[in-house]
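A.B. asks: predicted structure and sequence below. I'll ask about it afterward.
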Amino acid sequence: MREETLSVHGHEYFDEEYGVFIPPIYLSAIFEQKIPTRQSRRGTELKYSREENPTVYSFEKIIAKLEKGFDALAFNSGMSSISATLIALTKSGSKILVPYEMYGTTIQLIDLLQQKFDVKKISVYPDTKDIIEEIKRSGPDIVFIETITNPTLRIFDVPEIAKTCNDLGCSLIVDNTFATPILYNPIEHDARIVIHSVTKYIAGHNDIIGGVVVVKNQEDLNLLWDWRRILGGIMQPFEAYMAIRGVKTLKIRFEKTSNSAKAIAEFLKDHSAVKEVYYPGLDESPYKPVADKMFKQKIYGGVVSFEVRGGASSVDKILRKVKIIKPSPSLGGSESLLTYPIISASKYIPEEIRKRLGITDGLLRLSVGLEDTEDLIEDLSQALSTI
């Protein structure tokens, strides 16, 4: 089955008694427990919703298929997914390599692991060549990257990084939130783990919090399932139901927002108030060639970042003047959101590193929603005219 069909029917749920083919919300905390024990469709013991829940499992099955993985585990937030994965894979003395540009809370978590549990963080400039050279030089146990970085939208050559990791025996974790399974499947190129913030494109409506981890073998499924059980981070049934509803329209939403983002990027690059535009779909972007090599479609995502002239004072005016677009963190939902990275996603990146990466006090990140493209351009135009 292709992506649109998998998004709708990939859960494979069917209730023979009632003829129901949409997974219901199983709000039960407990399930009947006899000898022999009742098994979930995954084969694990079904007795307590902290461990396993039928609604959650239905959502997980869809994501595993979309990401071409062996299985998936849903968590109550993207950070819960990341936390459980890193705790499960690390041990005393583990070395984790991460780019300087990454979601700030992920970096903060790795810093805390370093401080408390003898885990060593290795930071590297966010460039494929630099990452590969550092892997060869320092021999990390784990390499953790984002397919598309947040917020300047660099794109790594994930197949080349994965090959290096496999040659040297280190584990590659890929946060694929910005790209989604519609653009890229890291497991097909031998990433060990793929992570998504379900809050973003997968659920797609700015109304739930969730995360998901996709694995490529039974061994990692067992490992992560047990850590999720122990840490208590499973996604709740209502959120899973909402995520099932949201993922049905993932491809059409992602295509729409990507096409709008490309048009908006073209508009911004020619605007006198805009100093720089970051979007991998622009012909002049240094990341377009690797995007065209990796991505399954010639679309480039629904996020555009841009730096305005005048720095923080100009940003303040724009955030106050936009009308349709809402000043808010997050991305990937129906509503267009304008985020100021230095007070949100990049807050925990040290200032001197932010400047080196181009995350200045004039940088804004626009997550394009489902509104009419021309309405969004007009909204940006009137806001930019104030600076």
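C.D. replies: Great, that's in hand.

A.B. asks: what's the mean pLDDT across stretch 366-386?
C.D. replies: Averaged over stretch 366-386, pLDDT sits at 98.

A.B. asks: pull out the buried residues from that stretch.
C.D. replies: 366-371, 373, 376-377, 379-380, 383-384 (16 or more other CB atoms under 10 Å). (C-beta placed from N, C-alpha, C; glycine too.)

A.B. asks: how confident was the prediction at the residue nearest to Val56 when sequence neighbours are not counted?
C.D. replies: Among residues not flanking Val56 along the chain, Ala240 sits closest, at 4.4 Å (CB to CB, 6 or more residues apart in numbering). Per-residue pLDDT puts Ala240 at 98.

A.B. asks: export only the CA atoms of the host helix or strand of Ala240, formatted as PDB.
C.D. replies: Following DSSP states H and E, one finds Ala240 within helix 237-247. Extracted C-alpha coordinates of helix 237-247, given in PDB (Å, rounded to 0.1, in the frame of the first residue of the first chain):
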ATOM      1  CA  PRO A 237      -5.500   6.600  24.500                       C
ATOM      2  CA  PHE A 238      -7.300   9.800  23.700                       C
ATOM      3  CA  GLU A 239      -4.200  11.400  22.200                       C
ATOM      4  CA  ALA A 240      -3.600   8.200  20.200                       C
ATOM      5  CA  TYR A 241      -7.100   8.400  18.800                       C
ATOM      6  CA  MET A 242      -6.600  12.000  17.900                       C
ATOM      7  CA  ALA A 243      -3.200  11.100  16.300                       C
ATOM      8  CA  ILE A 244      -4.900   8.400  14.200                       C
ATOM      9  CA  ARG A 245      -7.400  10.900  13.000                       C
ATOM     10  CA  GLY A 246      -4.700  13.400  12.200                       C
ATOM     11  CA  VAL A 247      -2.300  11.100  10.400                       C
END
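
A.B. asks: please report phi then psi for Thr55.
C.D. replies: Phi and psi for Thr55, reported as degrees, to the nearest 10, are phi -70, psi -40.

A.B. asks: all strands for the stretch 201-350 of the chain, in order.
C.D. replies: Taking DSSP state E, counting those that start in this stretch to define them, one finds strands in the stretch 201-350 of the chain at 211-215, 274-278, 303-308, 326-327, 337-339.

A.B. asks: strands paired with the second one, and their directions?
C.D. replies: By that I understand strand 274-278. strand 303-308 (antiparallel) (DSSP bridges).
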